[in-house]
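K.L.:
mind folding the following:
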Amino acid sequence: MKNRLILILGFSLLIPFLTFSQSDSVSKFSTTKDFMIEINFNPFGEDGIFSFENLQTKYWINNKTALRLGLQFDYNKNSTTEDDFKSDEDYKPTVSEKSILLGFKPGIEFRILPNSRISPYWGFEFSYINKSSSSEYVEYDREYDYDIQDYVYNKVETNIDGAWREIETGYYNFNNGYYYFSNTSYGKERAYSSYGLNLLLGTDVFVYKNLYMGFEIGIGYELIKYKQIKLEINDSGETDPEEIEENNSTYPSSKSSDFGFYYNNSIRLGVYF
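P.N.:
Below you'll find the model as predicted:
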């Protein structure tokens, strides 16, 4: 990761010196009123070579200035339904987890060397991101009923607005013995909204007519507001009013901020027309 950052940074800083030797045809460069679309290209990525989660568009006002708009989208869903079990099973625990992220990044670019096949630029962008999240779980707790001398199953429904549930299990060593533990938290995939402002430095390389590749680094500030998490647990076997009230709780919202350098660890691959 560090080597890639050094490579991108070094390439971006050297580009202005290299561009003075360029004498390519103007037909290879983007010009006024051109429209550009780009995606992330990572030939060594574990999740695929191309990524459409961060789509970038640009519109050239003139040969030195371009308006840009980044679109960010991510949708995650995990589910286990009753249809996933055998028909003769009496108790079928289900899971439904969903999260949606949507972001907008409008900005502007200023070309340092226009009409060049290797074209460095600087600019800035504003970012807004909103993420929503929810989850539902249906389970069956088994306990022994001494009145009927048999086991009974209590249906437990857990509804979470603003996050997913996460269960950590394992064993720990104590007094030469191993003990099982289970810890439940409700902060996974937490919903939030954020605002940011970034100062950009990048380079586009026009490798062929209507095709280019690019690199980008920058420095930015982001304010993140994590939304409330509302937890509701309905246990059919619970009759204690205090326990029932404790099963319905709200985790407060919170804020955090971040300021520092960032870089896109993928190659930006785009077309223009």
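
K.L.:
can you pull the contacts of the residue most central in space within the chain?
P.N.:
Taking Cα atoms, centre = their mean, the centroid of the chain lies closest to Asp74, which sits 6.3 Å from it. Residues near Asp74 by Cβ atoms under 8 Å, 6 or more residues apart in numbering: Glu53, Ser99, Ile100, Leu101. To be clear about C-beta, it is placed using only N, CA and C from the backbone, and glycine gets the same treatment.

K.L.:
and for the first one, nearest residue in space, chain neighbours not counted?
P.N.:
Spatial nearest neighbour of Glu53, chain neighbours left out: Asp74 (5.4 Å); criterion: Cβ to Cβ, 6 or more residues apart in numbering.

K.L.:
report the rounded mean pLDDT for stretch 186-194.
P.N.:
When pLDDT is averaged along stretch 186-194, the result is 96.

K.L.:
actually stretch 43-50, sorry about that
P.N.:
Here the average pLDDT along stretch 43-50 is 70.

K.L.:
again, but for stretch 240-254
P.N.:
Stretch 240-254 comes out at a mean pLDDT of 83.

K.L.:
use 26 as the first number for this chain going forward.
P.N.:
Noted, 26 is the first residue going forward, which turns the last one into stretch 265-279.

K.L.:
any idea which helix or strand carries the residue nearest to Glu78?
P.N.:
strand 90-105 (DSSP states H and E).

K.L.:
give me the sheet partners of that strand and which way each runs.
P.N.:
Applying DSSP bridges to the sheet, strand 90-105 is found paired with strand 75-85 (antiparallel), strand 119-136 (antiparallel).

K.L.:
I'd like the next helix or strand past the longest one.
P.N.:
Towards the C-terminus, the helix or strand next in line after strand 119-136, according to DSSP H and E, is strand 143-170.

K.L.:
could I get the buried residue list for that following strand?
P.N.:
The neighbour-count check on strand 143-170 (16 or more other Cβ atoms under 10 Å) flags 143-146, 148, 150, 152, 154, 156-164 as buried.

K.L.:
helices and strands around the next helix or strand after that strand, which ones?
P.N.:
Next along the chain after strand 143-170, taking DSSP H and E as the criterion, comes strand 175-186. Secondary-structure packing of strand 175-186 (3 or more Cβ pairs under 8 Å, 6 or more residues apart in numbering; DSSP states H and E): strand 143-170, strand 254-260.

K.L.:
which one of these lies closest to Thr228?
P.N.:
Closest to Thr228 of the helices and strands packed on strand 175-186 is strand 143-170 (Cβ to Cβ; 4.7 Å).

K.L.:
might you calculate how far the closest one sits from the centre of the chain?
P.N.:
7 Å (Cα atoms, centre = their mean, to the nearest Å).

K.L.:
repeat that for stretch 264-279.
P.N.:
30 Å.

K.L.:
mind listing what's buried in that stretch?
P.N.:
Neighbour-count burial for stretch 264-279, counted by 16+ other Cβ under 10 Å, picks out Tyr276.

K.L.:
same check on stretch 174-194?
P.N.:
Using 16+ other Cβ under 10 Å as the test for burial, stretch 174-194 gives Val181, Thr183, Asn184, Ile185, Asp186, Gly187, Ala188, Trp189, Arg190.

K.L.:
before we move on, what about stretch 219-229?
P.N.:
By neighbour count on 16+ other Cβ under 10 Å, the buried set for stretch 219-229 is Ser219, Gly221, Asn223, Leu225, Leu226, Gly227, Thr228, Asp229.

K.L.:
repeat that for stretch 287-298.
P.N.:
Tyr287, Tyr288, Asn289, Ser291, Ile292, Arg293, Leu294, Gly295, Tyr297.

K.L.:
nearest to Glu114 among these?
P.N.:
Glu114 has its nearest neighbour among the buried residues of stretch 287-298 in Ser291, at 44.8 Å by Cβ to Cβ.

K.L.:
surely the closest one and Glu63 touch.
P.N.:
No - look at Ser291 against Glu63 with Cβ atoms under 8 Å: they stay out of range, at 10.5 Å.

K.L.:
how long is stretch 201-221 from one end to the other?
P.N.:
52 Å (Cα to Cα, to the nearest Å).

K.L.:
pull the residues that contact that stretch.
P.N.:
Taking Cβ under 8 Å, 6+ apart as the rule, stretch 201-221 contacts 101, 122, 124, 151-158, 185, 187-198, 245-252, 254, 256, 276.
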